[in-house]
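Colleague: Here is my input, please return the structure:
(4 chains)
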2 protein chains.
Amino acid sequence: MTTITDVAKAANVSKKTVSRVINDHPDVAESTRRHVQQVIAELGYQPSMLARGLAQGKANSMGVIIDQSAEEVFSYPLYSDNLRGISRVLSAHNIDMLVHFTRDAVPYTDLYRQRRVDGFILMSMPMNDPQLEALIASGAPCVFTQRIADNGTPVAWVDVDFEGGAIAALDHLFELGHRRIGLVTSPPNKIYAYLLLRGYRTAYERHGLAIPDAFVLHTPAYTGPDPDRIAALLAQPDPPTAFACSDDLMAIRLIQLLQRVGYDVPGDISVIGSDDALLAQFFTPPLTTIRQDALRKGSMAAEILLRQLHGEAIPGQPEQQLLPTHLTVRGTTGPARPAGERRTANQSERPLRQSRP
Amino acid sequence: MTTITDVAKAANVSKKTVSRVINDHPDVAESTRRHVQQVIAELGYQPSMLARGLAQGKANSMGVIIDQSAEEVFSYPLYSDNLRGISRVLSAHNIDMLVHFTRDAVPYTDLYRQRRVDGFILMSMPMNDPQLEALIASGAPCVFTQRIADNGTPVAWVDVDFEGGAIAALDHLFELGHRRIGLVTSPPNKIYAYLLLRGYRTAYERHGLAIPDAFVLHTPAYTGPDPDRIAALLAQPDPPTAFACSDDLMAIRLIQLLQRVGYDVPGDISVIGSDDALLAQFFTPPLTTIRQDALRKGSMAAEILLRQLHGEAIPGQPEQQLLPTHLTVRGTTGPARPAGERRTANQSERPLRQSRP
DNA sequence: TTGAAAGCGCTAACAG
DNA sequence: CTGTTAGCGCTTTCAA
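Modeller: Presented below is the predicted three-dimensional model:
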């Protein structure tokens, strides 16, 4: 491995001069610079980031922490798009992206104290993660790809406008004539679920309608809606004619459940998902969903983090960015069926589509 | 930041003794060790991996290279499972996982020369990547999560048995009475497509049947099958009654295409995918597919890489591991419809399911 | 514009 | 068992 010393010797200059050249320092004579550059090229020299990092007191790499409990969802494009967005920005600054899952052997806070990373981007962390407090206390620069609970902790984040998305989704359903709309969502300790619920209520209020809180079903994330509770809801005298769901997988499970008991989607009941996962467009019928730009979210998070590291952040006033969501109307939403024509579960026309054992 | 010197002073020992303690060196008196450990705990000391790496001449981190051209597929669970498998093993050895996309600004070969990583795991690299040759020439330890072309380059890899998977898939279809089976696959310059085709042919040979090469459709990866070519195939006097596809997305697109022109799957035509993506189980009907254990593939790749770094690899004889595939029978394969009952595209019973604009 | 010397925090010989 | 002395390869004073 050729080192800076090798280059200095071969070029008959000091190490410092070589250092100046590789760091694009202005105070180098043009002839010297050219000469050194040629020697560098001949020797195929590349500076050791380890040595540079040690000397500069920084790692030149960022940690991306992914919450392992999200592993079921990791197959969502969201995660990969996020990563690609982050990678693109960091790579342009010659900074490494170190990916870490929360359940790995080493606690992620150590990455900072061991000087492996200069800062963190935290993806989809649960709000009550015990390491989180320690991390923030450690003073490590952090950006979250999700809002943190309204607990007063001033942290930087990039997030998408779930609340606005929910309002857009409900407006769409209202326009189609729906008035009794259910919400199938993760428990509100997940911040996005909380915001979704808030948007849901806001939309109802804006339309001057009473908020049907009985239609809100809190479902553990990614386990899918409880068949019994859905059945009970639909057995009511005035059941929902549409549902909004906190993620696409939830929506798809709900649709399959509805189909199994004989409802047609969107003929009898409309359903809206959230995220626009790859699943959404290939599901039959293709899913109407609230799309978010995860790639952009990732790249913005990286940019904010870099700004923090360059000291461009205003202390005590962390950068917080909200990206818009966009309702993508596909095939699972349709006009509300007039009350009289409503079918019940027992009158299913189509036989249960039996999947093979 | 507390350093080893701080600990040494506070504990009244030399730096080397502290070093011995943190590296679990045996030659330390139990009392000294205990004392030093206590001081370390009190001071909250953590060794700098940068300094350690520089001193040891290694980075203590591995590069995971993901081919960007695979970005469409990145939403497959395969990729995330692979990553998690790798991460789990590396993390247990206190080694970082540095993720890099091939189209990022810095060529990945530099990661090694800049001493940012000690080796590489390469995911789904195309066989003709120009950087690849340079990387292998550089002598950096590499493991591929895919077989490399039979070009004689002795590299380590972990792969899954696509050929065996294809044979299992075909056998399943043969058992259901199918004799005319199409193959919709990526061009055979992708190694897995090549192996899939080989398995397809082997299966036909084993059953003593002529290989229907006219039924093999090469389709650019992930663009989906060409409707015209499928239509032409099905318009033949003796069209295929089943298809095997080189990935699940391809299968799903084929199914949607078939449904659009009035075929029922699996009533009229059976379809088998490959990978067992998240898509597969939530598609309607759920997809019969060739499952692979991507998590295990990732962890094995990491283990092989670690072995190489510890010098446990036999020179010139790189470790190559083949993991089994498993046919997961779901709802898209069924008995072959007797020739007489075959429907043609024009007699579709069910109306085209129109998706909303 | 350039260079010498010191140091980043750790580990690796070699003594004691 | 423990400490001393050198580095690892780079950057950063401070002079020249």
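
Colleague: which residues of the stretch 1-150 of chain A score low on pLDDT?
Modeller: Applying pLDDT under 70 to the stretch 1-150 of chain A picks out residues A:68-77, A:127, A:149-150.

Colleague: Kindly report the residues of it close to DNA strand C.
Modeller: For the stretch 1-150 of chain A, the residues in contact with DNA strand C (CB under 7 Å from any atom of the strand) are A:12-17, A:20, A:26-29, A:31-33, A:51, A:54-55, A:57. Quick note: C-beta positions are derived from backbone N, CA and C, even for glycine.

Colleague: Could you rerun that using 10 Å?
Modeller: Contact residues, the stretch 1-150 of chain A versus DNA strand C (CB under 10 Å from any atom of the strand): A:4, A:8, A:11-21, A:25-33, A:35-36, A:50-57, A:113-115.

Colleague: Whichever of those end up buried, select them in PyMOL.
Modeller: Listed next is the PyMOL selection for buried residues among those, using 16 or more other CB atoms under 10 Å in any protein chain shown:
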select buried, chain A and resi 4+8+11+13+17+18+19+20+21+28+32+33+35+36+50+51+52+53+54+113+114+115
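
Colleague: Now do the residue in the stretch 251-357 of chain A that DNA strand D sits nearest to against A:Pro141, distance only.
Modeller: Distances between the stretch 251-357 of chain A and DNA strand D by CB to the nearest atom of the strand are smallest at A:His310, namely 13.6 Å. For A:His310, the distance to A:Pro141 equals 10 Å [CB to CB, to the nearest Å].

Colleague: what about A:Ala92, how many neighbours?
Modeller: Residues near A:Ala92, counting by other CB atoms under 10 Å in any protein chain shown, number 14.

Colleague: How much space separates it from DNA strand D?
Modeller: A:Ala92 sits 18 Å away from DNA strand D, going by CB to the nearest atom of the strand, to the nearest Å.

Colleague: Name the residues of the helix or strand A:Ala203 falls within that are buried.
Modeller: Using DSSP states H and E, the element containing A:Ala203 is helix A:191-206. Buried residues in helix A:191-206, counted by 16+ other CB under 10 Å: A:191-197, A:199-204.

Colleague: what would the residues you listed look like in JSON lines with pLDDT and distance to A:Leu295?
Modeller: Shown next, in JSON lines, are the buried residues of helix A:191-206 (pLDDT from 0 to 100; distance: CB to CB, whole Å):
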{"residue": "A:Ile191", "pLDDT": "79", "distance to A:Leu295": "21"}
{"residue": "A:Tyr192", "pLDDT": "82", "distance to A:Leu295": "18"}
{"residue": "A:Ala193", "pLDDT": "85", "distance to A:Leu295": "23"}
{"residue": "A:Tyr194", "pLDDT": "87", "distance to A:Leu295": "25"}
{"residue": "A:Leu195", "pLDDT": "90", "distance to A:Leu295": "21"}
{"residue": "A:Leu196", "pLDDT": "93", "distance to A:Leu295": "22"}
{"residue": "A:Leu197", "pLDDT": "95", "distance to A:Leu295": "27"}
{"residue": "A:Gly199", "pLDDT": "96", "distance to A:Leu295": "23"}
{"residue": "A:Tyr200", "pLDDT": "97", "distance to A:Leu295": "27"}
{"residue": "A:Arg201", "pLDDT": "97", "distance to A:Leu295": "30"}
{"residue": "A:Thr202", "pLDDT": "97", "distance to A:Leu295": "28"}
{"residue": "A:Ala203", "pLDDT": "97", "distance to A:Leu295": "28"}
{"residue": "A:Tyr204", "pLDDT": "97", "distance to A:Leu295": "32"}
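
Colleague: ok, the residue lying closest to A:Ala11 once chain neighbours are set aside to DNA strand C distance?
Modeller: Leaving aside its sequence neighbours, A:Ala11 sits nearest to A:Val39 (CB to CB, 6 or more residues apart in numbering or on different chains; 4.2 Å). To DNA strand C, A:Val39 is 12 Å away according to CB to the nearest atom of the strand.

Colleague: Three-state assignment for A:Val39, please.
Modeller: helix (DSSP: H, G, I helix; E, B strand; the rest coil).

Colleague: Might one say that it is in contact with A:Lys9?
Modeller: No. A:Val39 is beyond contact range of A:Lys9, at 9.4 Å (criterion: CB atoms under 8 Å).

Colleague: for A:Gly331, phi and psi?
Modeller: Dihedral angles phi and psi of A:Gly331 (degrees, to the nearest 10) take the values phi -100, psi 10.

Colleague: near DNA strand D, which residues of the stretch 51-200 of chain A show up?
Modeller: A:Ala51, A:Arg52, A:Gly53, A:Leu54, A:Ala55, A:Gln56, A:Gly57, A:Lys58.

Colleague: ok, 7 Å please
Modeller: A:Ala51, A:Arg52, A:Leu54, A:Ala55, A:Gln56.

Colleague: restrict those to those near chain B?
Modeller: Counting by CB under 8 Å from any CB of the partner chain, A:Ala51, A:Leu54 from those sit close to chain B.

Colleague: Enumerate every residue touching the residue nearest to A:Ala11.
Modeller: A:Val7, A:Ala10, A:Ala11, A:Tyr45 (CB atoms under 8 Å, 6 or more residues apart in numbering or on different chains).

Colleague: rerun that using 6 Å as the cut-off
Modeller: Going by CB atoms under 6 Å, 6 or more residues apart in numbering or on different chains, A:Val39 touches A:Val7, A:Ala10, A:Ala11.

Colleague: okay, the residues you listed in CSV with distance to B:Ile304 and secondary structure next?
Modeller: Output for the contacts of A:Val39, formatted as CSV (distance: CB to CB, whole Å; DSSP: H, G, I helix; E, B strand; the rest coil):
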residue, distance to B:Ile304, secondary structure
A:Val7, 35, helix
A:Ala10, 38, helix
A:Ala11, 41, helix
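
Colleague: So which of those residues is the closest to A:Val160?
Modeller: A:Val7 (47.8 Å; CB to CB).
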